[in-house]
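Asker: structure, please.
(2 chains)
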Amino acid sequence: QKEVEQNSGPLSVPEGAIASLNCTYSDRGSQSFFWYRQYSGKSPELIMFIYSNGDKEDGRFTAQLNKASQYVSLLIRDSQPSDSATYLCAAPYSGGGADGLTFGKGTHLIIQP
Amino acid sequence: KAGVTQTPRYLIKTRGQQVTLSCSPISGHRSVSWYQQTPGQGLQFLFEYFSETQRNKGNFPGRFSGRQFSNSRSEMNVSTLELGDSALYLCASSLAGQEGNEQFFGPGTRLTVL
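Answerer: As a prediction, this is how the structure comes out:
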């Protein structure tokens, strides 16, 4: 079973600043990574996915993947109070083409107005 | 397009009973995965179904089982309920059931075992 590790936080960031969320994974064979956001009492919603080394940008969000270091990060620029949530990093649970994800335990992000 | 739906949304059972939860995926999605979420363990993978076949299974006891129907709807069953089974059960669907596909989550079923 592949493992995904995240710092549980809470991570407190002032409004307008950059929030940086980090994730490491155990299996060098993992090819794809996902960032989900989960508000309290709600189900996870997909923010971004990344397959290739380097950066991927989508609006205020940037995902970064470094396969050599087995490290994935999510940057949130111009943080807003509405970004306050738990952010979950995920990788495929196993290979072989089947679906299903293994998740980190999530980082609780608090944006301070 | 309608999202993933799960029924029931809330359920209260007692130890020793069994429970069946239902999940209807997004139209056209053929893969359904099930997850258990608890405050202590986080979000943990239970199993995944694609075209009525279980292709992937997490590290849960045999009391947890599932199935998928020809219309891609899926059910999961937990037999001989234990207090520790109290959790939010989430299902997620994806389009083609390939590794790395984006998964879309339903609202979940909150199970309480007394």
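
Asker: what's the neighbour count on A:A85?
Answerer: Using other C-beta atoms under 10 Å in any protein chain shown, the number of residues around A:A85 comes to 21. Backbone N, C-alpha and C define where each C-beta goes, glycine included.

Asker: wait, it touches A:Y36, no?
Answerer: No - with contact defined as C-beta atoms under 8 Å, A:A85 and A:Y36 do not form a contacting pair (9.6 Å).

Asker: so which bits of chain A are right by chain B?
Answerer: A:1, A:31-32, A:34, A:42-46, A:49, A:51, A:88, A:92-106 (C-beta under 8 Å from any C-beta of the partner chain).

Asker: please name the nearest non-neighbouring residue to A:D58.
Answerer: Among residues not flanking A:D58 along the chain, A:M48 sits closest, at 5.7 Å (C-beta to C-beta, 6 or more residues apart in numbering or on different chains).

Asker: now do the buried residues in the helix or strand containing the one you found.
Answerer: Applying DSSP states H and E as the criterion places A:M48 in strand A:45-50. Of the residues in strand A:45-50, A:L46, A:I47, A:M48, A:F49, A:I50 count as buried by neighbour count, 16 or more other C-beta atoms under 10 Å in any protein chain shown.

Asker: could I get the residues you listed as a markdown table with distance to B:V19?
Answerer: Formatted as a markdown table, the buried residues of strand A:45-50 follow (distance: C-beta to C-beta, whole Å):
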| residue | distance to B:V19 |
| --- | --- |
| A:L46 | 28 |
| A:I47 | 32 |
| A:M48 | 34 |
| A:F49 | 32 |
| A:I50 | 37 |
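
Asker: among these, which two are most distant?
Answerer: A:L46 and A:I50 (11.7 Å; C-beta to C-beta).

Asker: can you give me the strands for chain B?
Answerer: Assigned by DSSP state E, the strands in chain B fall at B:5-7, B:10-13, B:19-24, B:31-38, B:42-50, B:53-57, B:64-68, B:74-78, B:87-94, B:104-105, B:109-113.

Asker: compare those strands and say which comes out lowest on pLDDT.
Answerer: Ranked by mean pLDDT, the strands of chain B bottom out at strand B:53-57, which scores a mean of 90.
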